[in-house]
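J.: Next input, structure requested:
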Amino acid sequence: MDDGTLTKRQCNESRLPHRWRHVSFTKRMTAGGIGLTTALALLQSGFKHVRVVADKFDATTSHVTGGLWVSFALPDGIDTSRPRKWCAVTYTWLDTLRKEKGERLGIHIVPGVDMSARWSAANDEPFMLWLHEEVAKQGGTFEQRRVISLDEEQCDLLVNCSGLAAKELAGYDTVFPFRCQIINVFHSKPNEPKVSVDKDGQHAYIIPRPDGDVVLGETVQEHNWSTKNKDDDVDGVWERCCRLWPEVRNSKVIDKMAGLRPGRTGGVRLEMQATATKQKAVVVHNYGHEGSGHTLHWSCAQDVAKLAKQRFKLKAENVLR
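T.: Predicted structure coming up:
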């Protein structure tokens, strides 16, 4: 994969001006896939003092998902060039991980539905654990606390991967939740994945994972902030999935979960903020991925690292003058 960045070995810390040795990454609420991949990309690009700040590290939005890499529809009027690249680069990275250590990370290829598509699926728990461990292994640190304001953070580069909390932290942005309800079941002989998409958000999907774990989904409810299981939603997911694959009725329910996905009018925001914070930190925003975090995360992380390195280059030129 040509990610356009230097590896950690290629970029020695001594080459970086002192101000650019301290990078803070904020993931408000939980440390999810977007944030952890961004931290990893920064570390691999030579930024060694990377700190991940989050409310929680034990549960993330990324856990309440089918964990699929799959292309997705975009609203009318959205430029498709960047999302296409994000999809392709992330797929290549996931496929490389699958070939090298897929079983341990829970990444596998599953045959698709219609058009003979093939999807990449990730079992979120081992994959997220691996990301956390990899960030720590490469020198990243973790701090559990609530971020109140970007202006109060003491760092040189601040990457805002705060998801839904960007509505508050970015101050002016149109961020809203998509509530999703899923069910985890065990079935000894899971079949190929099955998907039925409904325009009213009452979807049905059945995603098999290794060792008999199967994810049943889902609801897609815009502007619903509840993370509690709702009996009507759980029953609806169950019945739709049973109609899609009758064998579901013979499975054992393991867990029921509801989570919020970060939607944003206009799609993903990935850009450097025009103005610095009150503490003079440069801000790069990376949020608004809705339910496509597993499809986009690594390429978006690479773009954040490129923006950071471009800014460092400009800073270095100013220092030399």
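
J.: just how off-centre is the lengthiest helix in the chain within its chain?
T.: Identified as the longest helix of the chain according to DSSP state H is helix 293-320. From the chain centre to the centre of helix 293-320 is a distance of 18 Å (Cα atoms, centre = their mean, to the nearest Å).

J.: Stretch 242-249 too?
T.: The chain centroid and the centroid of stretch 242-249 are separated by 30 Å, computed with Cα atoms, centre = their mean.

J.: Residue 278 belongs to a helix, doesn't it?
T.: No: residue assignment for residue 278, taken from DSSP: H, G, I helix; E, B strand; the rest coil, gives coil, which places it outside any helix.

J.: Give me the secondary structure label for residue 285.
T.: For residue 285, the reduced secondary structure class is strand; criterion used: three-state DSSP.

J.: Which helix or strand contains residue 104?
T.: Taking DSSP states H and E as the criterion, the element that holds residue 104 is helix 81-105.

J.: what packs against the longest helix of the chain?
T.: For helix 293-320, the helices and strands in contact under the criterion 3 or more Cβ pairs under 8 Å, 6 or more residues apart in numbering; DSSP states H and E are helix 33-44, strand 68-69, helix 81-105, strand 157-160, strand 269-272, strand 282-287. To be clear about C-beta, it is placed using only N, CA and C from the backbone, and glycine gets the same treatment.

J.: can we see that at 7 Å?
T.: The elements that helix 293-320 packs onto, with contact taken as 3 or more Cβ pairs under 7 Å, 6 or more residues apart in numbering; DSSP states H and E, are helix 33-44, strand 68-69, helix 81-105, strand 269-272, strand 282-287.

J.: To residue 174, which of these lies closest?
T.: strand 269-272 (9.9 Å; Cβ to Cβ).

J.: Distance from the chain centre to that closest one, please.
T.: On Cα atoms, centre = their mean, the centre of strand 269-272 falls 15 Å from that of its chain.

J.: hey, C-alpha coordinates of that strand in CSV?
T.: Written as CSV, here are the backbone C-alpha positions of strand 269-272 (Å, rounded to 0.1, in the frame of the first residue of the first chain):
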residue,chain,number,x,y,z
ARG,A,269,-14.9,16.5,7.9
LEU,A,270,-11.2,16.0,7.4
GLU,A,271,-9.3,19.3,7.3
MET,A,272,-6.9,21.6,9.1
